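Engineer: Please work out how this folds:
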Amino acid sequence: MSSNTMPSIGIVGGTGDLGRGLALRLAKAGHPLIIGSRNAEQAVASAQAVAAVLADRGITHPTISGADNVATAQQGDIVFVTVPFGAHQPTLDSIRDDVQGKVVVDVTVPLVPPKVARVQLPAEGSAGQIAQALLGEGVHVVSAFQNVAAAHLQADMEIPCDVLVTGNDKPARQTVIDLIESMGMRGFHAGLINNAAAAEALTSILININKQYKTHAGLRLTGID
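Structural biologist: You can find the predicted model right below:
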């Protein structure tokens, strides 16, 4: 745990739209951040850009730094993985030793370009299941955020979206739900990591809906106070 009263968050592959959106929300909630990339210079530039956006919004933020993906995984108390599916396995292989004993939040969706609006789940079942198998039982893999638009995360707005949270370790899921709530959204226990397939498949459906209706649709659960 970092010396800060809140856990530090490492965002592996965090220089894309989704990683940047998560960084903005987590920094606003008070977490020190390390934004990762294969290229450390690109990560540092992304960290500076996130800090500038927060400053423009009048938000006092904790430390935001950039590093390569391995250093990011080493430094983060909780580690997010926000890479395209094509980079998923090699990225996990590169950080496996550095995330043992930690909660890893896998945000990856198994989209297969160019037909990203078609559900194409991997033979293993889901990206979340692949992550748990690759990283081993010493890592608490939690799958989340697949159905939240990067545009909403980056915007200075209330996000009208709930988050399905799956993983084999319930306390780890609760840790991620607490993070989600600190970011201004609702997170829900959605079962074991096998159930990540449902949230990942929904992404392609939402891509279809967004294209048809020119919006950034999300998921809302009803009947829960």
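
Engineer: rest of the way, CA atoms for contacts and neighbours
Structural biologist: Will do.

Engineer: can you give me the strands for this structure?
Structural biologist: With strands called from DSSP state E, the chain shows them at 9-12, 33-37, 64-68, 78-81, 103-106, 140-143, 162-167, 186-189.

Engineer: Now mean pLDDT and mean neighbour count too, for these, in a markdown table please.
Structural biologist: Listed next are those as a markdown table, based on pLDDT from 0 to 100; neighbours: other C-alpha atoms under 10 Å:
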| stretch | mean pLDDT | mean neighbour count |
| --- | --- | --- |
| strand 9-12 | 98 | 29 |
| strand 33-37 | 98 | 30 |
| strand 64-68 | 98 | 22 |
| strand 78-81 | 98 | 25 |
| strand 103-106 | 98 | 26 |
| strand 140-143 | 98 | 30 |
| strand 162-167 | 98 | 26 |
| strand 186-189 | 98 | 18 |
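
Engineer: what about those, which gets the closest to residue 219?
Structural biologist: strand 162-167 (5.6 Å; C-alpha to C-alpha).

Engineer: Sheet-wise, list the partners of the closest one with their directions.
Structural biologist: With DSSP bridges as the test, strand 162-167 is paired with strand 140-143 (antiparallel), strand 186-189 (parallel).

Engineer: Tell me which of these lies nearest to residue 112.
Structural biologist: Proximity to residue 112 (C-alpha to C-alpha) singles out strand 140-143 among the strands paired with strand 162-167, at 18.7 Å.

Engineer: Name the residues that touch the closest one?
Structural biologist: 101-107, 128, 131-132, 165-169, 172-173, 176, 193, 196 (C-alpha atoms under 8 Å, 6 or more residues apart in numbering).

Engineer: Adding distance to residue 122, write the strands of the chain out as a markdown table.
Structural biologist: Output for those, formatted as a markdown table (distance: least, C-alpha to C-alpha, whole Å):
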| stretch | distance to residue 122 |
| --- | --- |
| strand 9-12 | 22 |
| strand 33-37 | 25 |
| strand 64-68 | 28 |
| strand 78-81 | 18 |
| strand 103-106 | 15 |
| strand 140-143 | 15 |
| strand 162-167 | 17 |
| strand 186-189 | 23 |
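
Engineer: These: which one's closest to residue 203?
Structural biologist: Here strand 162-167 is closest among the strands of the chain (C-alpha to C-alpha), at 11.9 Å.

Engineer: chain center to the closest one, what's the gap?
Structural biologist: 11 Å (C-alpha atoms, centre = their mean, to the nearest Å).

Engineer: now stretch 14-34
Structural biologist: 9 Å.

Engineer: Could you do stretch 179-192 as well?
Structural biologist: On C-alpha atoms, centre = their mean, the centre of stretch 179-192 falls 12 Å from the chain's centre.

Engineer: can you pull out the helices in the protein?
Structural biologist: Taking DSSP state H as the test, the helices found in the chain are 17-28, 40-56, 69-75, 88-95, 127-135, 150-154, 170-182, 196-213.

Engineer: In the fourth one, which residues are buried?
Structural biologist: Along helix 88-95, these residues count as buried under the neighbour rule (16 or more other C-alpha atoms under 10 Å): 88, 89, 91, 92, 95.
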